[in-house]
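S.K.: Requesting a structural model of the entry that follows:
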Amino acid sequence: MIRLIAALMVIYGHSFILFDPKGYPEPIGEILKDEYSGSLAVALFFFFGGLFVTQSYEHSKPRSSYLLKRLFRIWPALIVCTVITVFIAGPLLTELPVYDYFTSKETWKYLFLNCTIAYRAAYDLPGVFINNHYPNNVNGSLWTLTAEVRYYGLMFFLGFFNIFKKPLLLVTFIIGIVLLFTIDGLTAIGVMVSSITLKLLIIFLAGSLSYVYRRLIIIDYRIALLLVLITLVSYFTYFHIIILYVTMIYGALTIGISKIFKKLNLPGDYSYGIYIYGFLVQQIVADKIPELSSYQSMLITIPLSFILAILSWNIIEKPAITYLKKKDNQFLLENGI
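M.R.: Sure thing, here's the model as predicted:
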């Protein structure tokens with residue numbers, strides 16, 4: 001449920017980028033300056049991603065099934081979304097003749113890069129959204145999937161060397177990464193890594209560390225309220241954003257385990273579908289109804305994204321997960337595990 005809220009936060013945040021805010025800028029961005037609702041939502045995704053992926057690795061037997069779980073969770077829905085974008089949305093929305101659209105290298109580059117995603121994402125399709133408020137970018141949200149897939153590989157690497165069984169080594173590993181980037185160690189040897197990538201990596205590893213040390217973490221709403229107070233008091237300090245992230249993540253954990261929140265179960269996990277379709281839906285709506293304001297657009301884009309996410313879950317994601325679970329159970333039975 002937390003990830004679903006985060007996915008909706010991404011749509012909310014992007015509304016102020018993809019549509020004319022009409023004098024009403026995104027409030028969180030106005031307060032924090034260097035952050036906004038979308039970036040905070042992505043941080044939540046990566047923290048819980050690190051937590052759940054570490055859990056997934058620890059429960060995977062054989063360990064190689066961990067990679068299959070990641071494969072079946074990410075790629076089926078992503079490939080379908082990319083194919084729909086290239087072969088249905090693109091030809092209908094491009095300003096170019098359809099022949100020129102399909103003979104452009106950019107079309108096939110978009111298809112290949114976003115179906116594989118491990119190398120990098122592509123954002124432009126020829127002639128598509130060229131007159132939008134935020135022009136050319138077809139599905140800007142996909143950039144995080146590249147980082148996520150790479151971090152899945154990192155989790156496998158750490159697990160292979162039993163780092164999760166030695167928590168102090170994991171802590172040392174995280175501190176080492178922070179120090180390397182902080183002192184420009186990797187830049188000095190010619191490897192350029194953005195501050196955003198560094199931030200997401202640290203947050204992802206923090207989620208992994210939280211799972212490893214889960215028995216030592218005390219979740220209490222009073223601590224959450226105290227952190228909120230500390231965050232407000234620290235607004236003008238250098239460490240304000242770090243404290244904000246700690247408070248936000250701890251608050252999400254506190255809310256997530258509450259009895260009331262646990263009762264709000266939906267019949268499916270729609271967060272991923274909302275995330276991969278949300279930006280595309282917003283750009284289509286911005287193309288067709290450019291006069292909409294940021295807030296007005298959400299009355300259309302959120303329901304449409306939800307519908308696509310429900311279809312994606314029931315037609316693509318859930319069947320893929322169910323198929324893999326059957327294979328896993330069959331393996332366990334055959335090997336007496």
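
S.K.: Check the spacing between the closest residue to residue 167 other than its chain neighbours and residue 166 real quick.
M.R.: In space, and not counting its chain neighbours, residue 167 is closest to residue 212: 5.0 Å by CB to CB, 6 or more residues apart in numbering. All C-beta spots, glycine's among them, are computed from the backbone N, C-alpha and C. Per CB to CB, to the nearest Å, residue 212 is found 9 Å from residue 166.

S.K.: More neighbours: which of these two?
M.R.: residue 212 (20 against 14; other CB atoms under 10 Å).

S.K.: Let me see the contact set for the more buried one.
M.R.: 54, 164, 167, 170 (CB atoms under 8 Å, 6 or more residues apart in numbering).

S.K.: Need the three-state assignment for the first one.
M.R.: What DSSP: H, G, I helix; E, B strand; the rest coil gives for residue 54 is helix.

S.K.: quick one, what contacts it?
M.R.: So residue 54 contacts 155, 164, 207, 208, 211, 212 (CB under 8 Å, 6+ apart).

S.K.: next one: residue 21
M.R.: Counted by CB under 8 Å, 6+ apart, residue 21 has contacts 293, 294.

S.K.: how near is it to residue 302?
M.R.: Taken as CB to CB, the span from residue 21 to residue 302 is 17 Å.

S.K.: can you check residue 275 too?
M.R.: Residue 275 is 13 Å from residue 302, by CB to CB.

S.K.: Of the two, give the one with the bigger neighbour count.
M.R.: Taking neighbours as other CB under 10 Å, residue 275 and residue 302 compare with residue 275 leading, 26 against 19.

S.K.: For the more buried one, which non-adjacent residue is closest in space?
M.R.: residue 7 (4.7 Å).

S.K.: Could you verify my assumption that the one you found touches residue 42?
M.R.: No: at 10.0 Å, residue 7 does not count as touching residue 42 under the criterion of CB atoms under 8 Å.

S.K.: which one of those two has more residues nearby?
M.R.: Between residue 7 and residue 42, counting by other CB under 10 Å, residue 7 is the more crowded of the two (27 against 24).

S.K.: Now do the same contact list for that one.
M.R.: Contacts of residue 7 (CB under 8 Å, 6+ apart): 41, 45, 270, 271, 272, 274, 275, 278.

S.K.: show me where the stretch 1-150 of the chain has helices.
M.R.: Ranges of helices within the stretch 1-150 of the chain are 2-18, 27-32, 37-58, 64-84, 90-93, 98-103, 105-116, 143-160, based on DSSP state H, counting those that start in this stretch.

S.K.: returning to that earlier point: give me the pLDDT for the residue nearest to residue 275.
M.R.: On pLDDT, residue 7 comes in at 94.

S.K.: ok, now residue 279?
M.R.: 97.

S.K.: Setting aside sequence neighbours, what's the nearest residue to residue 70?
M.R.: residue 152 (4.6 Å).

S.K.: which other residues reach the one helix or strand residue 170 maps to?
M.R.: Element membership for residue 170 (DSSP states H and E) is helix 167-182. Applying CB under 8 Å, 6+ apart, the contact partners of helix 167-182 are 158, 163-164, 185-186, 193, 198, 201-202, 205-206, 208-209, 212-213.

S.K.: From those residues, list just the buried residues.
M.R.: Among those, the ones that count as buried by 16 or more other CB atoms under 10 Å are 158, 163, 164, 198, 201, 202, 205, 206, 208, 209, 212.

S.K.: which residues touch stretch 129-143?
M.R.: 10, 14, 17-20, 78, 81, 85, 89-90, 93, 95, 110, 114, 117, 120-121, 123-125, 128, 275-276, 278-280, 283, 286-287, 290.

S.K.: For it, measure first residue to last.
M.R.: 18 Å (CA to CA, to the nearest Å).

S.K.: Give the buried residues for it.
M.R.: Result for stretch 129-143 [16+ other CB under 10 Å]: buried residues 129, 132, 133, 136, 137, 138, 139, 140, 141, 142, 143.

S.K.: Would you mind putting these into JSON lines with pLDDT and distance to residue 3 alongside?
M.R.: JSON lines is the format used below for these (pLDDT from 0 to 100; distance: CB to CB, whole Å):
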{"residue": "129", "pLDDT": "96", "distance to residue 3": "27"}
{"residue": "132", "pLDDT": "95", "distance to residue 3": "28"}
{"residue": "133", "pLDDT": "94", "distance to residue 3": "28"}
{"residue": "136", "pLDDT": "92", "distance to residue 3": "29"}
{"residue": "137", "pLDDT": "95", "distance to residue 3": "23"}
{"residue": "138", "pLDDT": "96", "distance to residue 3": "23"}
{"residue": "139", "pLDDT": "96", "distance to residue 3": "19"}
{"residue": "140", "pLDDT": "93", "distance to residue 3": "19"}
{"residue": "141", "pLDDT": "93", "distance to residue 3": "14"}
{"residue": "142", "pLDDT": "93", "distance to residue 3": "17"}
{"residue": "143", "pLDDT": "91", "distance to residue 3": "18"}
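
S.K.: Nice, that's everything, thank you.
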